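Colleague: next comes the sequence, and after it the predicted model I'd like to discuss.
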Amino acid sequence: MGLKDKLVTWARVKSPWVFHMNTGACNACDIEVIAALMPRYDIERFGIILVGSPRHADVMIGTGSITKQMTPRFKRLYEQMPEPKFVIAVGNCAISGGVFKGCYNIEGGYDRIIPVDMYVPGCPPKPEAIIDAVAKLIGKLQGG
Amino acid sequence: MSTVKIPIGPQHPALKEPVNFTVEVDGEQVVDAKVRIGYNHRGIEKAAELRTYVRDIYLLERVCGICSHSHTTTFVQGVEELLDEEVPRRGLYIRTIVCELERLHSHMLWLGVAGHEIGFDTLLHYTWRDRELVMDFLEMISGNRVNYAMNTIGGVRRDISKENIPKIKKGMDIFRERLNYYLKLCINEPTVLKRTQGIGVLPPDIARKLGAVGPTLRASGINMDCRKDDPNAAYDEVPFDVVTWDTCDVFGRVAVRILEMVQSCNMIQWLLDHLPKDEIRLKLKRRVPEGEVLSRYEAPRGELIHYIKSNGSDKPERVKIRTPTLANWPSVEYMLKGGYIADVPITIASIDPCLSCTDRITFVNTEKEKTWTMDLESLRRYGIEFYKKNGR
Amino acid sequence: MSEPEAEKAKPKPKPSSKEDEKLKAEIEKAFGAAVEVWIPRAKRIFIKVKPGDHRKVIQWMKDNWDVQHVTTISGVDKGETFEIVYHLYKYQGYRTYPNIKTEIPKNNPKIETIVDILPSANFYEREAHDLLGIVFENHPNLKRLILPDDWPEGVYPLRKDWLPEGVE
């Protein structure tokens, strides 16, 4: 890797910026994602910051199954993220639709719409599982 | 007077949820507001008809992750009424204990989120740290921090062991001390007062007319609480007071929620002291005889109702759910009028909306024919800056 | 502070519905044969009326019992008809929950709105319209409430004859 690439990878690994997206969930996964940022679990010690806009983000953490209304907006938000981008699908609903599979108005899991890098199963997954996923992702980033 | 129409697609502050408001403004003041919901519609009522009662418990638990136990409690007690069976007392007590623990975690979550909305992020971090105490107890009792799956038709699935009871009681004492600290903070801290007093005013007659429920209604002085009006589970035995406040504004809702948490701590301790020696569940039939039932419960956000019709089979004929947030939206439309744009996030947050969806706020200046978008994060920052400039 | 070693907890007696019986008598006196009233348990009063009469009964409840709160409006698809249940709440004095039922034919699902009497019915009528296709005449704003904007017109998911894709 050239010097520029090494610098960029170092910056990404040291401090991935995360954008949190809720595409139609029941909020259980969301509160566990937020709990991961709070003093008890404190994901911020890994240098992770929650940003408000996808244009500033390296990683998208998505929760909830995709409702039909959210599908175009979701695609748009994914396209707004700059390359290279990574997607973590948190919770059973994001992976496959979860309990709501088969309901009208539900598209299904994330990988029907966009490519996913990390799946975190659980309903909802505990904050420790979410931190584990982010740590593994950082390891993947380090690999280049 | 020139007005500007602003579509707002709010998010529940830290929990991005969608709702779309169109807000008409004149300068900085809001003149009118209209709400458009539905971005999180998942077709649950239809799915509930296609699944058996037992599978429906797990489906309904996930209507809302924050008040999941409320939904299962309401559903399960409705089916128990249709089956005309009495749940053993110990089962009812444990159900009520988990209900009150859920109220604690939900109100604490809200307090942090409200702090975040007015720019008081320290409050967010403090309250969510204290909330972890309640999450530990929920995990101790049920095995999971969220979506506890404690309820089943006929009672509860797990018992509270003898060793855990003193731990939970001591935890409630610690929690109560923290609540007293937050109450003193909110009453004395000028930043909190200036962003919440006189904001989002909802007079009591309007609140009743528009059908508001929960702490939103009780902060306007109306003492409507399903736990007293239509007691279910163990609420007719445990002593508690209905908390009301008469300032009708956002500060009233903060005060009502904190005081309700104090009441819940006392209730949990009483229930643990008086746990009867009994079974925790009955094994009940799977086929429910024909009938209809109205099941009601005071969820943390307000009155939750399930109307269940059965047809003799093991699947329900109709499950109608009305969540408390739906009842509060017309009140939000009223409350936004006459306030500043900067007050929009905290006013919407004060009813503790439970939706899921993210949307954007589009501002339309019809006079200058210009449109611009602001997401709720930016609107929140706008509000904080606005008040800083205007000496608040 | 714990209870001494207790014997097995006795089952609770069911709460009495005496007050509801008094209210039932009031309604029957006012409307006679136009209403059919029954009380399945304490704090639940069910009243069955014909579709045109529901407004009269609701107005009477507002004037005499100060009923202002509509908890929700349920629509049930019974095959040939729709059953509409108005769930109300009586706040003053003895607190109880009156429910007004009425039935309309499925091939002509029209009924008059009650929004002018009880404004809190607004969203619930819109929801019933969205999901079941019931038309509430003279409603000020009977637009979509919860289905997405691009949901096809005339498709009502909560009707029994409609199933989501992939379900037989």
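Modeller: Great, that's in hand.
Colleague: beyond the helix or strand bottoming out on mean pLDDT in chain A, next helix or strand please.
Modeller: Taking mean pLDDT, DSSP states H and E as the measure, the helix or strand of chain A with the lowest value is helix A:3-14, at a mean of 73. On the C-terminal side of helix A:3-14, the closest following helix or strand by DSSP states H and E is strand A:17-22.
Colleague: the inter-axis angle of the helix or strand following that next one versus strand A:17-22?
Modeller: Sequence-wise, the next helix or strand downstream of strand A:17-22 (DSSP H and E) is helix A:28-37. Orientation check (axes from the mean of the first three to the mean of the last three C-alpha atoms, to 10 degrees): helix A:28-37 against strand A:17-22 gives 150 degrees.
Colleague: which residues sit in contact with the single nearest residue of chain A relative to chain B?
Modeller: For chain A and chain B, the shortest gap (C-beta to the nearest C-beta) falls at residue A:28, measuring 2.5 Å. All C-beta spots, glycine's among them, are computed from the backbone N, C-alpha and C. Contact analysis of residue A:28 by C-beta atoms under 8 Å, 6 or more residues apart in numbering or on different chains lists A:91, A:123-124, B:62, B:65-66, B:68, B:146-147.
Colleague: just give the nearest non-adjacent residue to it, would you?
Modeller: residue B:65 (2.5 Å; C-beta to C-beta, 6 or more residues apart in numbering or on different chains).
Colleague: just to revisit the earlier point, what about dumping the CA coordinates of the least confident helix or strand of chain A to PDB?
Modeller: Taking Å, rounded to 0.1, in the frame of the first residue of the first chain, the C-alpha atoms of helix A:3-14 are listed here in PDB:
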ATOM      1  CA  LEU A   3       1.700   6.100   2.000                       C
ATOM      2  CA  LYS A   4      -1.600   7.800   1.300                       C
ATOM      3  CA  ASP A   5      -3.500   4.500   1.400                       C
ATOM      4  CA  LYS A   6      -1.700   3.500   4.700                       C
ATOM      5  CA  LEU A   7      -2.700   6.900   6.200                       C
ATOM      6  CA  VAL A   8      -6.300   6.600   5.200                       C
ATOM      7  CA  THR A   9      -6.600   3.000   6.500                       C
ATOM      8  CA  TRP A  10      -5.000   4.100   9.800                       C
ATOM      9  CA  ALA A  11      -7.500   6.900  10.100                       C
ATOM     10  CA  ARG A  12     -10.400   4.700   9.400                       C
ATOM     11  CA  VAL A  13      -9.200   2.000  11.700                       C
ATOM     12  CA  LYS A  14      -8.400   4.400  14.500                       C
END
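Colleague: which helices and strands does that helix pack with?
Modeller: helix A:127-142 (3 or more C-beta pairs under 8 Å, 6 or more residues apart in numbering or on different chains; DSSP states H and E).
Colleague: other SSEs contacting the helix it packs on?
Modeller: When contacts are defined as 3+ C-beta pairs under 8 Å, 6+ apart, helix A:127-142 packs onto helix A:3-14, helix A:28-37, strand A:59-63, strand A:86-90, strand A:118-120.
Colleague: and these, which is most packed in?
Modeller: With neighbours taken as mean count of other C-beta atoms under 10 Å in any protein chain shown, the helices and strands packed on helix A:127-142 reach their highest mean count in strand A:59-63, at a mean of 27.
Colleague: between it and strand A:86-90, how many degrees?
Modeller: Using the same axes, to 10 degrees: strand A:59-63 against strand A:86-90 is 20 degrees.
Colleague: what about strand A:59-63, near chain B?
Modeller: No - using C-beta under 8 Å from any C-beta of the partner chain, strand A:59-63 stays clear of chain B, with a minimum separation of 8.6 Å.
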